[in-house]
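Q: need a 3D model of the following:
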Amino acid sequence: MADLNLKTHLAAFKNPLYLESGRILEPFEIAYETYGELNEAKDNAIVICHALSGSHHAAGFYEGEKRPGWWDALIGGGKAVDTDKFFVICANTIGSCFGSTGPTSAAYPKLEPYRLKFPVITIKDMVKAQRLLLDSLGITRLHAVIGGSMGGMQALHYAIDYPSLAKRVIALATTSATSAWAIAFNKIAIESIVSDPEFQGGDYDISAVKSRGLRGAAIGRMAAHISFLSPESMREKFGRDYAPTDGLFDLFGKFQIERYLDYNGGNFPKWFDPLAFIYIAKAINIYDLSRGYDTLENALARARSHIYLFGFERDLLFLPAEMEAIDLAMKSVGKGDLSNYCLVKSDYGHDAFLTEVDKFSDRIAEILGAEI
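A: Numbers count the residues shown, from 1 in each chain. Purely as a prediction, here's the structure:
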């Protein structure tokens, strides 16, 4: 079994990126990781697309790191996305805060960060930037594109924006257009951030927030974590267990679920920039695969990739029915032979695509190994 061959890169682009809004991003950078080796024909590449708070670090360990990349269970030698066979690329999306150009990046030619002057970006823009990265690597054909949640939105855009690029598009726990339910959770998070006095209209001290956090961002993340789980998984993980060090009749004594939310919410702004969160949440909110087309069916009629859709049974953020609707739309435009829908049995909730990889990894390995 070959080494994962994890390599981290930073690609700089001097040419302008024309955004869906009509704005221009120039210059811009994309941080990305690669695993495995690109073959001589340059046709064994797989693109991995990350979710809202994800990054380009999808697999393997950095030196001194205790936890591996966020999809390490799926990517690696002998795993479903086998780096002994495939050259895997995961790029940090534009607008994020892990090396790619985003709101805390310096606004050329000035040295000051963009902050709220950064343009609104869309999922389509993220994929357009990634396509430029692939062009720079000389990759004109992909074995597959794979992504979950916001990553799944990107994967679907690959299918309709660049229909000849990927042989396979695998989208998990996502949708064709963000629902009012999902937008509502993002609204709470965004309002919590901007209403925090320490946010200072976006002019907060970036290093200070990384050090001590931002209460508004912490509260917003708590709301998000509720949407990532399900009532069943919360009951199994926490039940009604009370913190053993807190008195039941202490006014601010906590249940274990409250401690979980405090911990994850409090840490979030220390590693994920609040402005980046606002911009990416906006991109998710306005995501609509059919924008620019009369209907979703008209958009999907462009698809030439084999599209594999994975819904998760207890996903309350992007309902399985939303995934199935994409499959039905593909069938309605005569693309049924290119579409496959699979319902994954899980009580975990939305984050099952990250935490219960064993429930679908064999199927992904089968898809990647099949002749097309």
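
Q: find the nearest non-adjacent residue to residue 155, please.
A: If the residues on either side of it in the chain are set aside, residue 155 comes closest to residue 147, at 4.1 Å by Cβ to Cβ, 6 or more residues apart in numbering. No exception for glycine: its C-beta is placed from N, CA and C like everyone else's.

Q: dump the host helix or strand of residue 330 to PDB, restricted to CA.
A: Applying DSSP states H and E as the criterion places residue 330 in helix 320-332. The C-alpha trace of helix 320-332 is given here as PDB (Å, rounded to 0.1, in the frame of the first residue of the first chain):
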ATOM      1  CA  PRO A 320     -33.700  12.900   1.800                       C
ATOM      2  CA  ALA A 321     -36.700  13.900  -0.300                       C
ATOM      3  CA  GLU A 322     -34.700  16.800  -1.600                       C
ATOM      4  CA  MET A 323     -32.100  14.400  -2.900                       C
ATOM      5  CA  GLU A 324     -34.700  12.100  -4.300                       C
ATOM      6  CA  ALA A 325     -36.300  15.100  -6.100                       C
ATOM      7  CA  ILE A 326     -33.100  15.600  -8.100                       C
ATOM      8  CA  ASP A 327     -33.200  11.900  -9.200                       C
ATOM      9  CA  LEU A 328     -36.800  12.300 -10.300                       C
ATOM     10  CA  ALA A 329     -36.000  15.500 -12.200                       C
ATOM     11  CA  MET A 330     -33.200  13.700 -14.000                       C
ATOM     12  CA  LYS A 331     -35.600  10.900 -15.000                       C
ATOM     13  CA  SER A 332     -38.200  13.400 -16.100                       C
END
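
Q: mind giving me the packing neighbours of that helix?
A: Where contact means 3 or more Cβ pairs under 8 Å, 6 or more residues apart in numbering; DSSP states H and E, helix 320-332 is packed against helix 296-300, strand 306-312, strand 339-344.

Q: nearest to residue 368, out of those?
A: strand 306-312 (9.9 Å; Cβ to Cβ).

Q: Three-state assignment for residue 30, please.
A: strand (DSSP: H, G, I helix; E, B strand; the rest coil).

Q: list the contacts for it?
A: Residue 30 is in contact with 10, 11, 13, 91, 92, 94, 99, 100, 101, 129, 130, 133, counting by Cβ atoms under 8 Å, 6 or more residues apart in numbering.

Q: out of those, which is nearest to residue 164?
A: The shortest approach to residue 164 among these belongs to residue 130, at 15.7 Å (Cβ to Cβ).

Q: apart from its chain neighbours, what residue comes closest to the closest one?
A: Closest to residue 130 by Cβ to Cβ, 6+ apart is residue 91, at 5.1 Å.

Q: got a list of what that neighbour touches?
A: Contacts of residue 91 (Cβ under 8 Å, 6+ apart): 30, 31, 32, 47, 56, 100, 129, 130, 133.

Q: return the member of the residues you listed nearest to residue 309.
A: Ranked by distance to residue 309 (Cβ to Cβ), the contacts of residue 91 are led by residue 47 at 17.2 Å.

Q: that's a strand at the closest one, yeah?
A: Yes. According to three-state DSSP, residue 47 belongs to a strand.

Q: is it true that it touches residue 142?
A: Yes. Using Cβ atoms under 8 Å, residue 47 is in contact with residue 142, at 5.9 Å.

Q: any residues in contact with both of the two?
A: Counting by Cβ under 8 Å, 6+ apart, the residues touching both residue 47 and residue 142 are 134, 158, 166.

Q: who's the residue nearest to residue 130 bridged to?
A: Counting by DSSP bridges, residue 91 is bridged to residue 32.

Q: distance of it relative to residue 305?
A: Separation of residue 91 from residue 305 (Cβ to Cβ, to the nearest Å): 19 Å.

Q: ditto for residue 197
A: 48 Å.

Q: which one of those two has more residues nearby?
A: Higher neighbour count among residue 197 and residue 305: residue 305, with 26 against 9, using other Cβ atoms under 10 Å.

Q: contacting residues for the more buried one?
A: Contacts for residue 305 (Cβ under 8 Å, 6+ apart) come out as 145, 158, 159, 163, 165, 166, 167, 168, 169, 338.

Q: tell me the bridge partners for the closest residue to residue 240 other than its chain neighbours.
A: In space, and not counting its chain neighbours, residue 240 is closest to residue 255: 6.6 Å by Cβ to Cβ, 6+ apart. Applying DSSP bridges to residue 255 gives these bridge partners: residue 242.

Q: residue 255 reaches residue 242, doesn't it?
A: Yes. Counting by Cβ under 8 Å, residue 255 does reach residue 242; the two are 5.6 Å apart.
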